[in-house]
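Engineer: sharing a model that was predicted from the sequence below.
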Amino acid sequence: MTGVALGVFLLTLVIGNQFAAADKSVTRQMLGHDFLAFYTAGSFVREGRAGELYNLDSVRDFEQATAHAAGLEVGKSFGPWWNPPFYALVFEPLAALPYERALDLWRLISLVAVAIAIALLASIVMHASLSTRWQQWMLVPLLIVISMPFIQSFSHGQNTFTSLLLLTATVMLWRDKRRFLAGCCCGLLFYKPQLGAVVAAAMVLDLGWSALGGLCVTGCFLLLTTLIAMPGSLEDWLHQLPANVHWMQVEHAYLWERHVTLKAFWRLLLQGREAGEATFFTTALTWISEVAIGGGLVRTAIKSRRSSTDEKVRRDRLITATIATMPLLMPFYFDYDLLLLAVPAVLYATERISNPERMLDKDRWFTARWVALFLWMFVNPAFALHTHVSGSVILLGAVAITSIRRVSRADGEDAPILIMHPQRVAMAA
């Protein structure tokens, strides 16, 4: 009921926007600007200019010209190409179309991808228990569609929907112990290295050499594709990307409030969003917190193999902890990619649905943290901008730390609170 109410509220804003004054409404020209970087990369490949993918001047000039021709309201801003060079090949066919048509087609592709991901996640909930009701699995599409990361991803023209599909497929193969295929699928996530690194490490620790073999196969395929189709671009990425990141994050005021990393949290808290190098204290606190949380994840992943918890539950908890921890440890992770938290949220819900009569005090607080994070994401960008405190990082940290502790927690470790409603007692009888 709460989800439907929030959905109706958001739908009211969308409809009301159509009747607002032109100078006070959100227009098409304000949306989809992140797709400019994708369209530019595809155009460069199509025009034989792959060597300019990481040339900031070339990218800025092309994006500005494209935005002007399409009537976009971008001002003097532009978006650099951060991804590995092979990913630009994906957008080469789209670059053959005018920008507006390419954006519409990209949105259609993204919606198809997220629809498939939602169907897969909903199927996990459906099979959680014989008593699963439609109201439970329908929460998957409802809560995903009305979430702030979904709104951000769609309005920005981002690639988060395809990321969600790849991560969902990887997790389903991981849960089924299809080791080699899970590794192959996970390798595709490295088109955004910040999405694939931690997941790949945890999966190899859990599934072993076969998963690593799958990762290597996909990695070699992508490497050969890059070397053959775009010679020299890999060296450009390795050498120019650090300088481009420094130019964007250090030499200019940056959107630290939109990142959900520990690096961004300490940078925003101690120094604000203005230009400048990170101070010693910012760097030290970043490293200390990353080592503490990352080390905790590695330690519990290894320790969990000796846990008395059911193997399926243990693996789901490990996957939950890995994906929840991943954003915090990365140097670059925008808030719209938090849509990927739908995967661990579904796994946690599945565990709860499978055993509804057994819930610990810690599980009550864990649920509360998930709810708080979901709601806080709606207001975090504005709150963090004015206060220099990213509540999303704090709440995500609480979810991540609790998820890590749950991995190696034995099934009977704490005295459970039994939730036995009269109807359930009757059904049991």
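Structural biologist: Looks like it came in fine. Being a predicted model, the structure only gives us computed values, none of them experimental.

Engineer: pull the residues that contact the strand or helix carrying residue 343.
Structural biologist: Using DSSP states H and E, residue 343 maps to helix 342-354. Contacts to helix 342-354, defined as CB atoms under 8 Å, 6 or more residues apart in numbering, come from residues 117, 121, 124-125, 128-129, 132, 136, 139-140, 143-144, 147, 164, 167-168, 171, 313, 316-317, 319-321, 323-324, 359, 363, 366-367, 370, 403. Glycine gets a C-beta too; all of them are placed from N, C-alpha and C.

Engineer: for it, the distance to its chain's centre please.
Structural biologist: On the basis of CA atoms, centre = their mean, to the nearest Å, helix 342-354 sits 17 Å off its chain's mean C-alpha point.

Engineer: repeat for stretch 40-47
Structural biologist: A distance of 26 Å separates the C-alpha centroid of stretch 40-47 from that of its chain, computed with CA atoms, centre = their mean.

Engineer: then that stretch to CSV, C-alphas only?
Structural biologist: Output in CSV follows, covering the C-alpha atoms of stretch 40-47 (Å, rounded to 0.1, in the frame of the first residue of the first chain):
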residue,chain,number,x,y,z
THR,A,40,29.8,10.7,-28.9
ALA,A,41,31.8,7.5,-28.4
GLY,A,42,29.8,5.6,-30.9
SER,A,43,30.2,8.5,-33.4
PHE,A,44,33.9,8.6,-32.9
VAL,A,45,34.2,4.8,-33.6
ARG,A,46,32.0,5.2,-36.6
GLU,A,47,34.0,8.0,-38.0
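
Engineer: can you give me the mean pLDDT across that stretch?
Structural biologist: The pLDDT scores in stretch 40-47 average 93.

Engineer: spit out the contact partners of the closest residue to residue 105 other than its chain neighbours.
Structural biologist: Nearest residue to residue 105, sequence neighbours excluded (CB to CB, 6 or more residues apart in numbering): residue 94, at 6.3 Å. Contact partners of residue 94, counting by CB under 8 Å, 6+ apart, are 38, 39, 42, 102, 105, 106.

Engineer: same check, this time on residue 72
Structural biologist: Residue 72 neighbours (CB under 8 Å, 6+ apart): 29, 30, 33, 36, 66.

Engineer: so it, which of the three states?
Structural biologist: coil (DSSP: H, G, I helix; E, B strand; the rest coil).

Engineer: please report phi then psi for it.
Structural biologist: Dihedral pair for residue 72: phi -80, psi 150, per degrees, to the nearest 10.

Engineer: same thing with the one 4 residues further on?
Structural biologist: For residue 76, the backbone dihedrals are phi -100, psi 10 (criterion: degrees, to the nearest 10).

Engineer: and for it, the neighbour number?
Structural biologist: Neighbours of residue 76 under the rule other CB atoms under 10 Å: 6.

Engineer: which residue, neighbours along the chain excluded, lies closest to it?
Structural biologist: Take residue 76 and drop its neighbours on the chain: the residue closest to it by CB to CB, 6+ apart is residue 64, 7.7 Å away.

Engineer: again, but for residue 141
Structural biologist: residue 118 (4.8 Å).

Engineer: residues in contact with that neighbour?
Structural biologist: Contacts of residue 118 by CB under 8 Å, 6+ apart are 140, 141, 144.

Engineer: which pLDDT value does the model give the most centrally placed residue in the chain?
Structural biologist: Closest to where the C-alpha atoms of the chain average out (CA atoms, centre = their mean) is residue 337, at 2.9 Å. For residue 337, the pLDDT comes out at 95.

Engineer: hang on, it packs against residue 195?
Structural biologist: Yes. Contact criterion CB atoms under 8 Å: residue 337 and residue 195 qualify, at 7.0 Å.

Engineer: list residues touching both of these two?
Structural biologist: Residues touching both residue 337 and residue 195 (CB under 8 Å, 6+ apart): residue 163.

Engineer: out of the contacts of residue 94, name the ones that lie in helices.
Structural biologist: 38, 39, 42, 102, 105, 106 (DSSP state H).

Engineer: may I see the ChimeraX selection of the buried members of these?
Structural biologist: Here the buried members of the ones in helices among the contacts of residue 94 are turned into a ChimeraX selection, burial being counted by 16 or more other CB atoms under 10 Å:
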select :38,39,42,102,106
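
Engineer: on that earlier part again, and of the contacts of residue 118, the nearest to residue 98?
Structural biologist: residue 144 (30.8 Å; CB to CB).
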